[in-house]
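>>> fold the following and give me the result.
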Amino acid sequence: MGKSLLVLGAQWGDEGKGKITNYFSEKADVVIRYQGGNNAGHTIVFNNHKYALSSIPSGIFDENVKCVIANGVVLNPRAFIEERNQLIKQGFPCNNLYISDRCHVIFDHHIELDRLNEEGLKDKKIGTTKKGIGPCYSDKTERIGMRMCDFIGPNFKNRYKELLEIKNRQIRSLNGKEIDYETSVLEYEKLADLIRPMVTDTIALLNNERKSGKNILFEGAQGSLLDVDFGSYPYVTSSHVTSGGVICGTGIGCHGVDEVLGIVKAYQTRVGEGAFPTELLDEVGELIREKGHEYGTVTHRPRRTGYLDLVALRYSILVNGITSICLTLLDVLTGFEEVKVCVAYECGDKIIHTLPASDDVLKQCKPVYKTLKGWSIDISNVKTFDELPENAKEYIRFIENELEVPIDVFSVGPDKLQTIVRKEIF
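Alright, predicted model coming up:
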């Protein structure tokens with residue numbers, strides 16, 4: 001019987017999921033993206049080369065792995081083809097891609113509306129990537145969106161014309177740039193021709209693979225604290241990032257996930273607006289940013305940085321059912337005399353150990369820190385836990401004891417080979 005593993009971000013994203021997913025994809029028969037769009041970037045390094053992915057699953061580098069873009073994803077056809085073409089140029093055939101006939105399509109009008117909506121918020125902006133993700137999910141919920149089966153179908157031109165008339169009215173009302181039907185429909189028809197051979201019923205594909213004993217790897221994008229329901233609302237993404245998103249985003253069913261691996265950065269980062277209790281606005285935060293190369297894969301925006309927040313992590317473990325942790329970027333903390341970890345929040349006259357629902361309340365929370373000794377020895381070449389300096393070991397043990405979840409995997413560098421597995425989970 002095959003096994004299924006869900007790899008997801010347990011923080012605000014950018015935890016290093018791409019590399020870890022790619023690492024475990026060597027044991028997988030199928031790798032699946034189940035939510036989000038090309039607003040979520042994964043950087044993968046191996047064989048001294050760096051690869052940037054945004055829509056395509058991280059198993060794409062192995063032609064024997066089926067890479068599935070499932071129904072919970074929203075797909076920009078132009079961006080997808082550009083990404084695929086770039087991978088082909090880099091030597092990867094990309095003949096192992098499967099796209100759900102039920103996933104929704106991002107069009108240019110979504111991108112224009114995303115820009116207009118975000119700019120209209122002014123100082124109350126959400127901090128979106130302006131890739132059209134939110135407006136596409138909004139259309140999906142309002143039941144006026146277009147799915148992939150319609151995009152590649154015989155009646156696309158008529159459906160698109162009707163949809164664009166509605167969307168151009170919205171764009172006009174916001175003083176935006178209307179989308180020309182004649183120009184855009186020709187481009188989309190060409191893109192549909194390229195994409196059509198990859199479109200299939202991925203629900204049937206996935207469940208058949210599961211029944212036949214294949215190993216399934218689910219790849220989360222972004223981070224759990226950005227989930228539209230469980231994240232720090234309203235500064236969240238538009239999809240279900242957490243483990244529950246796998247069920248509605250793939251059609252695998254509630255017993256389809258065996259293990260949940262939470263990817264946890266050894267410190268904390270966040271992109272965009274919203275509360276960030278452990279944020280460091282000093283030279284320590286800047287040093288972490290530079291050492292960790294904390295700039296967005298898709299946007300290149302500098303990420304906000306801070307110390308590790310165990311209050312937020314406990315919450316993430318709870319809502320995801322995380323069974324084990326992979327601690328990434330541990331090497332970035334090398335060289336600090338001390339490392340702080342947030343173990344609780346001081347909120348008014350109370351000490352709390354849970355994540356408040358209100359972002360306004362979370363902004364008032366002050367971190368309660370536990371200070372641990374740092375280490376100065378380079379750890380980028382270690383191959384086992386025992387090779388780590390004692391203070392680095394203590395850092396890992398402290399996190400495990402506080403969270404009561406084992407750190408079965410840790411990472412000491414960007415390359416796939418710099419991944420140390422303490423216990424086999426897949």
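>>> just for the stretch 1-150 of the chain, where's the confidence low?
41, 123-127 (pLDDT under 70).
>>> how about a cut-off of 80?
Within the stretch 1-150 of the chain, the ranges that satisfy pLDDT under 80 run 1, 40-48, 120-128.
>>> now do the strands in it.
All strands of the stretch 1-150 of the chain, identified by DSSP state E, counting those that start in this stretch, fall at 4-9, 30-33, 42-46, 49-53, 66-69, 74-75, 97-100, 104-105.
>>> partners of the fourth one, with directions?
Listed by DSSP bridges, the sheet partners of strand 49-53 and their directions read strand 42-46 (antiparallel).
>>> need the contact partners of the partner strand.
Residues from elsewhere that reach strand 42-46 (C-beta atoms under 8 Å, 6 or more residues apart in numbering): 17-19, 21-22, 50-54, 58, 61, 221, 297, 414-417. No exception for glycine: its C-beta is placed from N, CA and C like everyone else's.
>>> pLDDT weak spots in the stretch 151-300 of the chain?
Ranges of the stretch 151-300 of the chain meeting pLDDT under 80: 296-300.
>>> go again using 90 as the cut-off
221-222, 237, 253-255, 271-273, 295-300 (pLDDT under 90).
>>> related to what we said a few turns ago, and the strands of the stretch 1-150 of the chain as CSV, adding mean neighbour count and distance to residue 331?
Below are these laid out as CSV (neighbours: other C-beta atoms under 10 Å; distance: least, C-beta to C-beta, whole Å):
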stretch, mean neighbour count, distance to residue 331
strand 4-9, 26, 19
strand 30-33, 28, 26
strand 42-46, 20, 13
strand 49-53, 16, 17
strand 66-69, 26, 29
strand 74-75, 26, 34
strand 97-100, 24, 33
strand 104-105, 24, 39
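>>> and those: which comes nearest residue 227?
Evaluated over the strands of the stretch 1-150 of the chain, closeness to residue 227 peaks at strand 4-9, with 9.8 Å, by C-beta to C-beta.
>>> for residue 65, give me its contacts.
Here residue 65 is in contact with 25, 28-31, 59, 96 (C-beta under 8 Å, 6+ apart).
>>> most surrounded residue in these?
residue 28 (29 neighbours; other C-beta atoms under 10 Å).
>>> not counting sequence-adjacent ones, nearest residue to that residue?
residue 217 (3.9 Å; C-beta to C-beta, 6 or more residues apart in numbering).
>>> that neighbour: neighbouring residues, count only.
27.
>>> please apply the same query to residue 320.
Residue 320, neighbours per other C-beta under 10 Å, totals 24.
>>> and the one 3 residues further on, by the same measure?
Using other C-beta under 10 Å, residue 323 has 18 other residues around it.
>>> all helices of the stretch 251-400 of the chain, in order?
283-291, 310-320, 359-364, 390-403 (DSSP state H, counting those that start in this stretch).
>>> highest mean neighbour count out of those?
When the helices of the stretch 251-400 of the chain are scored by mean count of other C-beta atoms under 10 Å, the highest mean neighbour count falls to helix 310-320 (a mean of 21).
>>> distance between it and the chain's centre?
Relative to the centre of its chain, helix 310-320 is centred 16 Å away, using C-alpha atoms, centre = their mean, to the nearest Å.
>>> what residues are up against the closest residue to residue 364 other than its chain neighbours?
Closest residue to residue 364 apart from its sequence neighbours, by C-beta to C-beta, 6+ apart: residue 347 at 6.1 Å. When contacts are counted by C-beta under 8 Å, 6+ apart, residue 347 touches 356, 361, 364-366.
>>> please apply the same query to residue 262.
With C-beta under 8 Å, 6+ apart, residue 262 has these contacts: 8-10, 224, 313, 316-317, 320, 322, 324-326, 405.
>>> is it in a bridge, and if so with what?
Applying DSSP bridges, one finds that residue 262 bridges with residue 8, residue 325.
>>> distance of it relative to residue 21?
For residue 262, the distance to residue 21 equals 13 Å [C-beta to C-beta, to the nearest Å].
>>> swap in residue 396?
Taking C-beta to C-beta, one finds residue 396 at 21 Å from residue 21.
>>> what's the answer for residue 60, then?
Counting by C-beta to C-beta, the gap from residue 60 to residue 21 is 11 Å.
>>> and the strands in the stretch 201-350 of the chain?
216-219, 259-265, 268-270, 304-306, 308-309, 324-328, 338-347, 350-352.
>>> strands paired with the shortest one, and their directions?
The partner list of strand 308-309 in its sheet, established with DSSP bridges, is strand 338-347 (parallel).
>>> show me which positions of the partner strand end up buried.
Buried residues in strand 338-347, counted by 16 or more other C-beta atoms under 10 Å: 339-345, 347.
>>> mean confidence for it?
Mean pLDDT, strand 338-347: 97.
>>> wouldn't residue 319 be in contact with residue 242 here?
Yes - using C-beta atoms under 8 Å, residue 319 makes contact with residue 242 at a distance of 5.4 Å.
>>> any common contacting residues for those two?
With C-beta under 8 Å, 6+ apart as the test, residue 319 and residue 242 both reach 224, 227, 230.
>>> out of these, which is most surrounded?
Going by other C-beta under 10 Å, residue 224 tops the shared contacts of residue 319 and residue 242 with 30 neighbours.
>>> just the terminal-to-terminal distance for stretch 254-268.
31 Å (C-alpha to C-alpha, to the nearest Å).
>>> sorry, back to before: so what pairs up with the residue nearest to residue 364 in the strands?
In beta-bridge terms (that is, DSSP bridges), residue 347 pairs with residue 350.
>>> returning to what we had before: more neighbours: which of residue 60 and residue 21?
residue 21 (28 against 23).
>>> ok, the more buried one touching residue 326?
No - taking C-beta under 8 Å as the definition, residue 21 is not a contact partner of residue 326, at 10.2 Å.
>>> shared neighbours of these two, anything?
Common neighbours of residue 21 and residue 326 (C-beta under 8 Å, 6+ apart) are residue 7.
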